[in-house]
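Asker: fold the following, please.
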Amino acid sequence: MAQPVAQQRDTAGWFGHPRGLSTLFFTEMWERFSFYGLKALLILFMTANAAQGGLGFSAEKGGAILGWYGFGVYATAIFGGLAADKVLGQYRSVLLGGIIIALGHFSMAVPTMATFYLGLCLIIAGTGLLKPNASTMVGSLYDAADARRDAGFSIFYVGINVGAFVAPLVVGTLGQEVNWHAGFACAGVGMIIGLIQYVAGKPRLMPALERLGQTENRASASDERWWEFWRWVRTREEWGRVTALALLFIFSSIFWGAFEQAASSLNLFADRLTDNRLFGFEFPSTWYQSLNSMYMIFGLAPFIGWIWVRLGDRQPSSPVKFALGLFFVGLGFAFIVPAAKVAQTGVKVSPWWLIGLYFLHTIGELCLSPVGLSIVTKLAPARIVGFMMGWWFLSIAVGNKLAGMAGGLFETLPLPRLFGAVAAVTFVAALVLLAITPWLRRLMGGVR
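Answerer: Numbering: from 1, shown residues only. Purely as a prediction, here's the structure:
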């Protein structure tokens, strides 16, 4: 019997995976190109004076806006998922989200205050629609029993990091060396390229769309309303697991509050207090924003993954991995405190301080970020796993807001105290988490 056309497309193969993965890979790559390109420029543009073409905001005001922007981008994922489930569907949500993101970047390319704020709001709304639903479609490319699913998500994650790696090099350089608004427009062009290939690749996504049509629950029965959370968690064991997730949510927020200062305090440190020359070559300060993804792509991600596989059943539990993530992000800030002391004297410091910091932060991210996504799927009751994943993104949103608040202290608090305080908070959080790990393990009901 001949296979259905959709199934034939599904098995045609892209590096051994459904061909639709290539469409989603490049969609997410270009979306992350636009997102990280803007993120590298945002606080620098806001705090640059009018003569430099910036808005002339203080670091405190710029950090507050950056924090709310980061919060909004991740918090709206909850509503983007609901909109797709109940109204638009995943394909149209991603398409509409991408269009809104591009309009936001082009709005920011117009040099007025009104278009600046309008652009940020559009990008927040568009990302909330696109980001969670692109990931949902990746999962739907595979049958439930398909062993390629985890590897498919790993390939998809590479797309994220390629976009994040290239964006500061292209958008950042254009914005800093040519014109801020040209950089914003470049980010929008990237999103348009992603949308063109997304629409052209729709036939490759048909297997995923067919599965979503068969499995999406669009019902609104009284016992499945999203606000009646307590009716979804039905047993003592489930309440224990959800409680464990709630506690890990707190530690995740602390981690991202430190890590996301890459776009705030650390970005300002790179721009104002670092001698951005290496081996005689001078480079824009936004290039530091590529280091995290560079470390990911060129070695650390597969190495950390190999360690967990090598350890097998002896590998640390998820809470201990969280503690390791907190430790390494704190270690990065502790590492740079001596450089901050030197910078306070008016001497610009070597770029190797930030290169080392981002290396430590990337190890921390690999200990916590993928583990956090995995633990949600393990602990959340199956009937609310999507809902809980949306709330997990909220921990990243809270972390972004905390990072913006910390960045706002760049001009008012001595940097050694600021960076030292961030390191102390993360170290204490790691110790507290290690102390309560046995209790958390009991709440988790045997899940590692």
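
Asker: list the contacts for Trp353?
Answerer: Thr274, Phe335, Ile336, Ala339 (CB atoms under 8 Å, 6 or more residues apart in numbering). Where you see a C-beta, it was placed from the backbone N, CA and C, and this is true even at glycine.

Asker: now intersect these with the helices, please.
Answerer: If you go by DSSP state H, those have Phe335, Ile336, Ala339 in helices.

Asker: now the contacts of Trp353 as CSV including distance to Trp306 and neighbour count?
Answerer: Listed next are those as CSV, based on distance: CB to CB, whole Å; neighbours: other CB atoms under 10 Å:
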residue, distance to Trp306, neighbour count
Thr274, 33, 21
Phe335, 25, 18
Ile336, 28, 25
Ala339, 32, 24
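
Asker: tell me the buried residues in stretch 168-180?
Answerer: Buried residues in stretch 168-180, counted by 16 or more other CB atoms under 10 Å: Pro168, Leu169, Val170, Val171, Gly172, Thr173, Leu174, Gly175, Gln176, Trp180.

Asker: apologies, that question was intended for stretch 271-281.
Answerer: Asp271, Leu273, Thr274, Asn276.

Asker: which two in the residues you listed are spaced the farthest apart?
Answerer: Farthest-apart pair in those is Leu273 and Asn276; separation 10.2 Å (CB to CB).

Asker: returning to that earlier point: from the buried residues of stretch 271-281, which is closest to Arg314?
Answerer: Minimum distance to Arg314 across those is 40.6 Å, recorded for Thr274 (CB to CB).

Asker: center of the chain, which residue is that?
Answerer: Ile396 (7.5 Å; CA atoms, centre = their mean).

Asker: pretty sure Ser265 contacts Leu409?
Answerer: Yes: if you go by CB atoms under 8 Å, Ser265 and Leu409 touch, sitting 7.5 Å apart.

Asker: list the buried residues of the host helix or strand of Arg241.
Answerer: With elements taken from DSSP states H and E, the one containing Arg241 is helix 236-259. Neighbour-count burial for helix 236-259 flags 238, 240-242, 244-245, 247-249, 251-259 (criterion: 16+ other CB under 10 Å).

Asker: so where is the stretch 301-448 of the chain shaky, pLDDT-wise?
Answerer: 377, 382-387, 446-448 (pLDDT under 70).

Asker: was I right about Phe393 contacting Thr76?
Answerer: No: if you go by CB under 8 Å, Phe393 and Thr76 don't touch, sitting 9.1 Å apart.

Asker: and the strands in the protein, which stretches?
Answerer: For the chain, applying DSSP state E gives strands covering 277-278, 281-282.

Asker: how about these in JSON lines, adding distance to Thr437?
Answerer: Converted to JSON lines, the strands of the chain look like this (distance: least, CB to CB, whole Å):
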{"stretch": "strand 277-278", "distance to Thr437": "41"}
{"stretch": "strand 281-282", "distance to Thr437": "46"}
